[in-house]
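> Structure, please.
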Amino acid sequence: MIRYNVQTSRILLNAKSRLIAVERGLSTAIAERTNIIIIGGGPTGLLLSNLLSSYNQQHVLLEARSEDQVMSHPQAHYINLRSMEILRHCVPRVYSGVLKGMAPADTWENFRFGTSVLGRQLGKVRNDVEGKHYAQNESHPSPCRVGHLAQNKFCRLLLEEARERIASLPLSGIDGQLKGIFFQNRVKSISPHEDAKFPVTVVYANEDAVEKQIHCNFVVACDGSRSQTRQQMGGDMEGDPEIQHLLNVHFRTIPGTRLHSTLQDVDNCGMLHFVYNKHCILVFVSHDVSEGEWVAQVPIFPPYQDIDSFSEKDIMRMLQIGLTGKDLRDWLTVKDGHSISGEADSIQIKSIRPWCMSSQVASNYVAGPNGRVFLAGDAAHVFPPAGGFGMNTGLQDATIKLGNWRCHIRKDYASQKVLDSYENERRPVAMRNAALSVRIYERTLNVARTLGLDANHPRLVIDGMDSPPLKFLSMAARRETFANLVRTAMLPLASLEEKGNLYGDYISKKLKQILDRGDGLPLLFPSFELGFTYDDDNDPVSDTALYNTPDLKLGHRFPHCELEIICNNIEASDLNKHYPHLAISNGNQVSLTDISAQLQNASGAPTFALIVSAECLAKLKNWRSFVETLPSEDWLLRLITVHGDHQMWKDSGAYENECLSLFDSKSEWKSLRSDGVALSAVLMRPDGHIAGILQRNGDEYNVNVLHEWVDAAFDSSLQKA
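Okay, the predicted model is just below:
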């Protein structure tokens, strides 16, 4: 078992580096070059590496930790709808791995509230993770369902895919060119470089403290909430830096033991277990109940409680009582009539880490030399874990503007506006998600208040400890006094443990009423996951509102419309060969969500999708003149026609330069509206968001007018700041 103290770890690491440096001496190799440097090998950095490889962008990923350290702790686990869509359409093998690695939904769809995981249950929240509500009432808003997979397993999938993709990238022949993913390589500094082609210099040190330089075009910092890159660039964080302090206890239940098998019973399963009893208050996260992978979050209150306030024996007792309601030996004796030899060792503590819950967003996402250092993931924003928006917002940071960066690198097109647009689009989303995460966290406090626990009470006690006469006591005496007061405050929770206690039954009934009316802790926030837009103010919605297809505006994610493939200029059997990301379901169905990403090919050029109603093209006086002059070299533009009936397609045949011809068999395309008007055409950006909308007007379209609209939509997409 490993106990982490951040300050101690840093001192030891720095001391080791200095010792090696003295013994071996620092050396600087010939400067290497690459296009983009990613700092940080967590989910955001690894997904970004995959996407850059798909754009044929040479890059290097530097991670300070060892590979084992990155892959050892489960951390985040919830993958929301938008993130699952990105995986499905951009890294399909990772998406398949997530689906294969997830436990059955009935083992994690519930949030449970009780006196222990296996004790009296006070209530539960069932989350519709499989979208059954939509199946009963209307079409589902996404081709995907949400995911639940421990971050270390998710990162392993991303890393394996990223290594394969980056290994296949061709080198361009530039002297000293470097590509790859490197662990135990810590970035030391970032500074300007006089070479206009590689205007940024990054100095990094490997595990032996040997320093090297890389010259690059861009740096993307995905190095976590304590981002050294952000600090070096002088970046500030806005928001609340200390919402709550906790101990993060990673532990396993041992397969084959009675405890492990009992926890696996589906009636006992849930993603989150909120436990309240007179001995402990904590939240269990079940990452994979079949493998026994768990995390416990234990609230602590500095300065009178910290990681050193609890021995491993104290933590083990908390886990045992939190899981079973008793010491494990007592639970086994009650359950079986006798204690089973060896069963007392059913729990293995892997690590104990202190952490501070906060809600903060970076003041600036773009910094450093020439504005070429970008913040992403936890380096740009940190949220309370409620709602699971932290990792998911980071994954979505990784996808935005990659197509625009590609255009900038290739053509130097509207360069600074392209770069600035990353912050202007992504930061408001982070601010919105931060506010939502705090509101969700406050819901858990409302549940605690129902049980007689007020989050303000510990703060009041701490203030009292810091005031006369208590402040004149020794710190040890004050810590003991604080611990006694906490234990006293938790004693009334004993009334909850057995049915028949009038007060306990009253509190339990009150809690169920709160949960039944939806005031508990939900998991799904579809309007926030799918409904945000980049080019318009986000309309206020209820936190838990179901997502309904919106009146389309610029910057919206294009909604899920499932259409039937009826024609293409490529044989059906060769579709996936040419477009390996094309996600075909039910034999010939394809979703228009992220269709631009689905139709990207091996050229590495950013792909836009022009979706045009066949009725619109039929009204063109010379449609060939239109399609033959669509952009096709620097930005791939995929032409997709949507037909309202088969006869229209039979009469017109396939259009030249057409990529796909689709049949709107469910009238899903036909039902889309923008400002209440039906659509004739939509231009989709490489990231799946809308760059241009052409409304249906009933008149014949002039080719020049249609070209002007396409050009204006491209201009807006590539220059908008």
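
> Give me the below-cutoff pLDDT ranges for the stretch 151-300 of the chain.
172-175 (pLDDT under 70).

> and stretch 147-160, which residues are buried?
Neighbour counts over stretch 147-160 (16 or more other C-beta atoms under 10 Å) mark 147-159 as buried. Placement of C-beta: from N, CA and C, glycine included.

> mind saving the C-alpha coords of it as CSV?
Taking Å, rounded to 0.1, in the frame of the first residue of the first chain, the C-alpha atoms of stretch 147-160 are listed here in CSV:
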residue,chain,number,x,y,z
GLY,A,147,-20.0,4.6,-20.7
HIS,A,148,-18.6,3.6,-17.3
LEU,A,149,-14.9,2.5,-17.4
ALA,A,150,-12.1,3.2,-14.9
GLN,A,151,-9.8,5.9,-16.3
ASN,A,152,-6.7,3.7,-16.0
LYS,A,153,-8.3,1.1,-18.3
PHE,A,154,-9.6,3.8,-20.6
CYS,A,155,-6.1,5.3,-20.8
ARG,A,156,-4.6,1.9,-21.7
LEU,A,157,-7.0,1.7,-24.7
LEU,A,158,-6.1,5.2,-25.8
LEU,A,159,-2.4,4.6,-25.3
GLU,A,160,-2.3,1.4,-27.3
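
> of the buried residues of stretch 147-160, closest to I243?
Distance ranking of the buried residues of stretch 147-160 against I243, using C-beta to C-beta, places Q151 first at 20.9 Å.

> circling back to that earlier point, so which of the buried residues of stretch 147-160 belong to helices?
Counting by DSSP state H, the buried residues of stretch 147-160 place 151-159 in helices.

> Which single one of those is nearest to G123?
Using C-beta to C-beta, Q151 is the member of these that sits closest to G123, with 28.0 Å.

> I507 sits in which helix or strand?
I507 belongs to helix 502-516 when assigned by DSSP states H and E.

> right, I mislabeled it, should have said P522
Here P522 is assigned to no helix or strand, by DSSP H and E.

> ok, it touching L515?
No. Assessed by C-beta atoms under 8 Å, P522 is found out of contact with L515, at 10.2 Å.

> quick check, nearest of the ones in helices among the buried residues of stretch 147-160 to V275?
Q151 (22.7 Å).

> for the protein, where's the lowest mean pLDDT among helices and strands?
Within the chain, confidence by mean pLDDT, DSSP states H and E is lowest for helix 6-24 among all helices and strands, at a mean of 40.

> JSON lines please, covering the buried residues of stretch 147-160 and showing distance to Q360.
Formatted as JSON lines, the buried residues of stretch 147-160 follow (distance: C-beta to C-beta, whole Å):
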{"residue": "G147", "distance to Q360": "26"}
{"residue": "H148", "distance to Q360": "26"}
{"residue": "L149", "distance to Q360": "26"}
{"residue": "A150", "distance to Q360": "25"}
{"residue": "Q151", "distance to Q360": "20"}
{"residue": "N152", "distance to Q360": "24"}
{"residue": "K153", "distance to Q360": "27"}
{"residue": "F154", "distance to Q360": "24"}
{"residue": "C155", "distance to Q360": "23"}
{"residue": "R156", "distance to Q360": "29"}
{"residue": "L157", "distance to Q360": "29"}
{"residue": "L158", "distance to Q360": "25"}
{"residue": "L159", "distance to Q360": "28"}
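
> which pair in these spans the largest distance?
H148 and L159 (19.6 Å).

> Tell me, how many residues neighbour T488?
Applying other C-beta atoms under 10 Å, we find 10 other residues in the vicinity of T488.

> Can you verify it is assigned to a helix?
Yes. With DSSP: H, G, I helix; E, B strand; the rest coil as the criterion, T488 is part of a helix.

> one step back: which one of the buried residues of stretch 147-160 is nearest L552?
Nearest to L552 among those, counting by C-beta to C-beta, is G147 at 26.9 Å.

> pretty sure the closest one contacts A76?
No. G147 lies out of contact with A76 (C-beta under 8 Å); the separation is 11.2 Å.

> how much space between the spatially closest residue to S667 that is not a sequence neighbour and D265?
Using C-beta to C-beta, 6 or more residues apart in numbering and skipping the chain neighbours, the partner closest in space to S667 is G644 (8.0 Å). From G644 across to D265, the span is 52 Å (C-beta to C-beta, to the nearest Å).

> same deal with G119?
Distance of G119 to D265, given as C-beta to C-beta: 14 Å.

> Give me the more crowded residue out of these two.
Set G119 next to D265 and count neighbours by other C-beta under 10 Å: G119 wins out with 20 against 11.

> does the more buried one count as helix, strand or coil?
What three-state DSSP gives for G119 is coil.

> what sits against it?
Counting by C-beta atoms under 8 Å, 6 or more residues apart in numbering, G119 makes contact with 277, 324-325, 497.

> Let's have the ones in helices among the buried residues of stretch 147-160 in TSV, adding distance to A209.
Below are those laid out as TSV (distance: C-beta to C-beta, whole Å):
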residue	distance to A209
Q151	29
N152	27
K153	32
F154	31
C155	26
R156	28
L157	32
L158	28
L159	25
